[in-house]
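In: What follows is a protein structure lacking sequence information:
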């Protein structure tokens, strides 16, 4: 069973690391998009530990609203609200982290 982990806050939730399973995805929404631009941050350390194949995405509106487009890492795909709905439908369950 796959889970979509939707992050909203600016703090990395350590509990997510315990609940994360292969096939899960992470979606950055709202203020959490700031986590992606810190190359030494906890999110990047987690992604490095998990390795390749992890699906990490961000809402493009949240990235643009914070002016982070120029600094955005290419490893994190930006998606629209419509794509967000499709992403939720692709996963058996969703967890929101704030």
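Out: Received, thanks. Please read these numbers as outputs of a predicted model, since none were measured by experiment.

In: Now do stretch 91-98: distance to the chain's middle.
Out: Here stretch 91-98 is found 11 Å from its chain centre; the criterion is CA atoms, centre = their mean, to the nearest Å.

In: I should have written stretch 26-37 there, sorry.
Out: 6 Å.

In: Tell me which residues are up against it.
Out: Outside stretch 26-37, the residues that touch it by CB atoms under 8 Å, 6 or more residues apart in numbering are 4-10, 12, 16, 41-43, 54-59, 62-63, 66, 68, 71-73, 76, 79, 84, 87, 97. Placement of C-beta: from N, CA and C, glycine included.

In: need the strands for this protein, in chain order.
Out: Listed in chain order, the strands of the chain (DSSP state E) span 3-7, 25-28, 55-59, 77-79, 93-97.

In: what about the nearest residue to residue 63 once chain neighbours are set aside, neighbour count?
Out: Excluding its sequence neighbours, the residue lying closest to residue 63 (CB to CB, 6 or more residues apart in numbering) is residue 33, at 5.1 Å. The number of residues packed around residue 33, counting by other CB atoms under 10 Å, is 25.

In: Let's see the pLDDT reported for residue 33.
Out: Turning to residue 33, the model gives it a pLDDT of 98.

In: separation between it and residue 97?
Out: Look at residue 33 and residue 97: by CB to CB, to the nearest Å, they are 13 Å apart.

In: Same check on residue 81?
Out: Applying CB to CB, the value for residue 81 to residue 97 is 19 Å.

In: More neighbours: these two, which one.
Out: Using other CB under 10 Å as the criterion, residue 81 and residue 97 rank with residue 97 on top: 18 against 10.
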